[in-house]
Every structure is written in C-alpha cells, then in structure tokens.
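In: I'll drop the sequence and a predicted model, then ask my questions.
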Amino acid sequence: MTLQDLIGYFKYASNLTNAEFASEIGVSQATLSRWESGEIKSLNTQTKKRLSEFLDIDVDDYLKYDLVKPILGVVKAGYNLNAVENIEDYVLVSSMDAKRGDYFLRVTGDSMIDAKIFPDSLIYVKEVDDVDSGSIAVVLINGEEATVKRVIKKDQTLILEAANPNVKARYFSEAEVMEIPIKIIGKVLYAKHDF
C-alpha cells in the first residue's frame, strides 16, 4: 500500500474533512494534499508516529500491504437470509491475496462451523460463476437468498452441503438449478476470525 492509498483509506474511514484530518495529525492541508496526490511518498519519523497514534495503527505495517478489499455485507451459513450488499468496512490484504480474491462477506449462522467458518467470521471470496465439486462457495438461491456451503456435483444433482451435522444438505436437480435459479457467485478462499 502506498502512502497515498493509506491516507485515502483512513480519511474515508474516519469521515473527516481535509482540514480536520490534517489538524488531527499536525500537518498543513497542503501537506495532506501532497500525500493524497502522491507528490510526497514518505513520512519523517515524527509525522509517522503522530499518524500511527491518531489512526491507532502501525503505519509501517500498513505500508507493507498492497490493497484493501471491501466487506460487502452478510452471507448466511444456513438458509433463508436475503442477500445484503452494503459496504461495511475494508480489510487490508497482501499483494498475493489482492490478486486472488475480490471481497469479504461477514457470516451469520453456524452451518459451516466444522469447516472453521463461524458466526461473525469474514470469508474472502473470489468472484466466479462455477467451482469444482467439493469447494466451499457463496451461492445465490432465487436471486435473493445468499448462503455459504460446500458445493457437491453428483449425478446431475447439485448438493449444498453444510459443515455441521445438525444442518441438512439441500439437493437440487439440473432443472431446479435453472428454474429457481441456483447460482454460484463466489468461491471461498479462506475465513478470517476477529475473535
């Protein structure tokens, strides 16, 4: 992540004006503008310390990352939750992960706990329209209900399988997949836990 990206991200996240943000970290608005434009690409030690304290982060650590990815909302590890797509926040990712995936979703429900996807986990998703059998995917049912399940393809049947013995798998024929429709919208790359 560049200094320009870092300032833009945290200015957006803090919801402060240029004047307020500059004042909080003890620099002029002109300096802040030069950071945002990319004209200034590094910070002196004292400014880095003030910025780290104000943002409650280690600026050096953040500058090691390449990109931020959005948390687009909530997906159910279960069934019957309408898809919600509102940007909730952003997560810093490494350059390798930035190339692999597209967005995060926050999980509700416990149907995937044996796959280490717990309520309130963040799953990192690559936007795709198909996955290999056995992959964990985000699936949209009837254009409204989003769920995260293991996708099994067997004998012209699509099975959405939970990773919790208390939750039954759902079976869809080839015709149902087309008619309902059942649509794979992303492959789960990994889960992140804040607890």
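Out: Structure received.

In: alpha carbons only for contacts and neighbour counts from here, please
Out: OK.

In: how far does the lowest-mean-pLDDT helix or strand in the chain sit from the chain's center?
Out: The helix or strand of the chain with the lowest confidence, counting by mean pLDDT, DSSP states H and E, is helix 3-14 at a mean of 74. Centroid displacement of helix 3-14 relative to its chain, using CA atoms, centre = their mean, to the nearest Å, is 18 Å.

In: what's the answer for stretch 57-77, then?
Out: Put simply, stretch 57-77 sits 7 Å off its chain's centre (CA atoms, centre = their mean).

In: look at the spatially most central residue of the chain and tell me its secondary structure.
Out: Centroid check for the chain by CA atoms, centre = their mean gives residue 104 as the closest residue, at 1.6 Å. Following DSSP: H, G, I helix; E, B strand; the rest coil, residue 104 is assigned to strand.

In: sorry, back to before: give me the helices and strands touching the least confident helix or strand of the chain, please.
Out: Packing contacts for helix 3-14, counted by 3 or more CA pairs under 8 Å, 6 or more residues apart in numbering; DSSP states H and E, involve helix 29-37, helix 59-63.

In: mind listing what's buried in that helix?
Out: 3-7, 11 (16 or more other CA atoms under 10 Å).

In: the inter-axis angle of it versus helix 29-37?
Out: Put simply, helix 3-14 runs at 110 degrees to helix 29-37, going by axes from the mean of the first three to the mean of the last three CA atoms, to 10 degrees.

In: hang on, the earlier thing: ok, of the helices and strands packed on helix 3-14, where does mean pLDDT dip lowest?
Out: Across the helices and strands packed on helix 3-14, helix 59-63 has the smallest mean pLDDT, namely a mean of 76.

In: roughly how far does the closest residue to residue 112 other than its chain neighbours sit from residue 149?
Out: Spatial nearest neighbour of residue 112, chain neighbours left out: residue 163 (4.3 Å); criterion: CA to CA, 6 or more residues apart in numbering. Distance of residue 163 to residue 149, given as CA to CA, to the nearest Å: 8 Å.
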